[in-house]
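Student: Model the following, please.
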Amino acid sequence: MPAPFYEFADDRRLMWIAQEWVRYADDLAEWAMERLVNRRDVWSQYTLKDGKISVVMLPVAERRKLGTDMVTLNKLNRHFSGKSPAHLIGLHSISDHSTCKWFAIDVDLHDPNMPNADEIAEANFDAALEWAERLREMGMDPLLFDSNGAGGFHVWVLLDKEYPLADVYDLADSLRSDWQAFGLERKPEQFPPKRVVGPDDLPYTLRTPGRHHTRHHYTRVYNFDFIDGENEWLEGGDAIEAILSTRVSKLPRLRKRKLKETVLPTPKPRQAVVAQKPRVCVDLDGVLAQYDKWKGVDHFGDPVPGALEFAKKLAKFADITVFTSRCAQDVLEGSRITPGQLRVKVIDWLEKHKFPYTDVYTGQGKPRAAAFIDDRAVHCDPQNDEGAFESSLAAVKGLVKKPHGIPKSVGGYTGRYSS
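Tutor: Numbers count the residues shown, from 1 in each chain. Below you'll find the model as predicted:
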């Protein structure tokens, strides 16, 4: 097998850029898992055979339902390290429950050798820059990528939470609606590429930033604030730092006039809303995972006997949100791990042990839920029980006398809606 980056052996600058992406691969993998991965069960993989590069959807259809092949931190690390084109992957812009963490516009130029390639590349950049500037005027923080070094550009926006697919599609579609005014030969692709998807519908993916699969090129990031004497395009570590520091953005609402234009053609099945299950918050430590004593913020015990069966039964009538006091500010203070990185580790633990869940809560305060299941919770319902306060005080006294490593939440109550 050839040595990594043997193709760049005669290009010291490109070799330096490649090594920068390797150096940041761990950070980029954790960032991508938190910000880019909408689906872990499917992805696109570049393959190299007989010197030809192609792309396939993985896992193959027969293995998708098994849930054994996933997008992992190791897979993302391999992509960002980019030691072979066969390590590169693309990610889906739509989750399996029709939400999106990000959107993008792909203004591409596939053939840089065509007669008018320079004019097309210039028009592509003008369009991409204008659309990125519009997003900035909306208060968003877009990333403008030089995706292939030959006139192709991507405009990405990272969202602060998962938004409904239709809303994200509408905004991206409205953004590219004046593509002809820039002299573009065809309408740029957008991600998400569809407004509505069926259960088994897997639209095409977008190549994740990093090494290009065919050209000797790494993603460059446009420097919106450059001045004379500075680089207009950031490369290597500077580009990566810009990517990692990008702010997440709220999805703005379209004006009603524009919204009507995009909603009216929508197929009627979209209005058929399935009754939503109530959310139930389940504590991780002591309920799902065995908890003896504090062994570090990212150390998890084995599953509590019976916890998996309990969770499966609960998931039949409720959406499970797993929460943990590990994400509290006082617990993470001084730690190198962020709440987002910890969330990924909790998800890895849940999926390793095949626990059903719909979300992992890492915010501060108490999430809205129909019920809380916590091994250190105290039920208190004074509106319906005159002795509630006295019994709650007695229960709390018993809890605080028990030895435990980190403080666990004591305010939750079970069986009633909480705001």
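Student: Which residue comes closest to residue 26 once chain neighbours are left out?
Tutor: If the residues on either side of it in the chain are set aside, residue 26 comes closest to residue 77, at 6.2 Å by Cβ to Cβ, 6 or more residues apart in numbering. (Each C-beta comes from the backbone N, C-alpha and C, glycine too.)
Student: surely the one you found meets residue 31?
Tutor: No. Counting by Cβ atoms under 8 Å, residue 31 is not a contact partner of residue 77; they are 11.4 Å apart.
Student: Of these two, which one has the most company?
Tutor: Of the pair residue 77 and residue 31, residue 31 is the one with more neighbours under other Cβ atoms under 10 Å, namely 23 against 18.
Student: buried sites along the helix or strand the more buried one falls within?
Tutor: Take DSSP states H and E as the rule and residue 31 turns out to sit in helix 25-35. Residues 25, 27-35 are the ones in helix 25-35 that count as buried (16 or more other Cβ atoms under 10 Å).
Student: Downstream of it, the next helix or strand is which one?
Tutor: Sequence-wise, the next helix or strand downstream of helix 25-35 (DSSP H and E) is strand 43-49.
Student: pLDDT on that next one, on average?
Tutor: Mean per-residue pLDDT for strand 43-49: 90.
Student: now do stretch 324-343
Tutor: For stretch 324-343, mean pLDDT is 63.
Student: distance between the ends of that stretch?
Tutor: Terminal residues of stretch 324-343 lie 10 Å apart, using Cα to Cα, to the nearest Å.
Student: go on, stretch 243-250?
Tutor: By Cα to Cα, one end of stretch 243-250 lies 18 Å from the other end.
Student: Show me the contact partners of the helix holding residue 31.
Tutor: Applying Cβ atoms under 8 Å, 6 or more residues apart in numbering, the contact partners of helix 25-35 are 21, 71, 73-74, 76-77, 79-81, 91, 101-102, 158, 208, 210, 240, 243-244, 248, 340-341, 343-344.
Student: Go ahead and produce PDB holding the CA coordinates of that helix.
Tutor: Only the C-alpha atoms of helix 25-35 are listed here, as PDB (Å, rounded to 0.1, in the frame of the first residue of the first chain):
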ATOM      1  CA  ALA A  25      -8.600  15.400  12.800                       C
ATOM      2  CA  ASP A  26      -9.800  14.500  16.400                       C
ATOM      3  CA  ASP A  27     -11.300  18.000  16.900                       C
ATOM      4  CA  LEU A  28     -12.900  18.000  13.500                       C
ATOM      5  CA  ALA A  29     -14.400  14.600  14.100                       C
ATOM      6  CA  GLU A  30     -16.100  15.600  17.300                       C
ATOM      7  CA  TRP A  31     -17.200  18.900  15.800                       C
ATOM      8  CA  ALA A  32     -18.700  17.000  12.800                       C
ATOM      9  CA  MET A  33     -20.500  14.400  15.000                       C
ATOM     10  CA  GLU A  34     -22.200  17.200  16.900                       C
ATOM     11  CA  ARG A  35     -22.900  19.700  14.000                       C
END
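Student: Let me see the ranges of the strands in the protein.
Tutor: Counting by DSSP state E, one finds strands in the chain at the ranges 43-49, 52-58, 89-91, 99-107, 143-146, 153-164, 189-191, 206-207, 220-222, 233-234, 279-283, 319-323, 359-361, 371-373.
Student: Adjacent strands (with direction) for the fourth one?
Tutor: Sheet neighbours of strand 99-107, with direction, are listed as strand 153-164 (antiparallel), strand 189-191 (antiparallel) (DSSP bridges).
Student: Tell me where the longest helix sits in this protein.
Tutor: The helix that spans the most residues within the chain, counting by DSSP state H, is helix 117-137.
Student: Which strands or helices does that one pack on?
Tutor: Counting contacts by 3 or more Cβ pairs under 8 Å, 6 or more residues apart in numbering; DSSP states H and E, helix 117-137 is packed against strand 99-107, strand 143-146, strand 153-164, helix 165-175.
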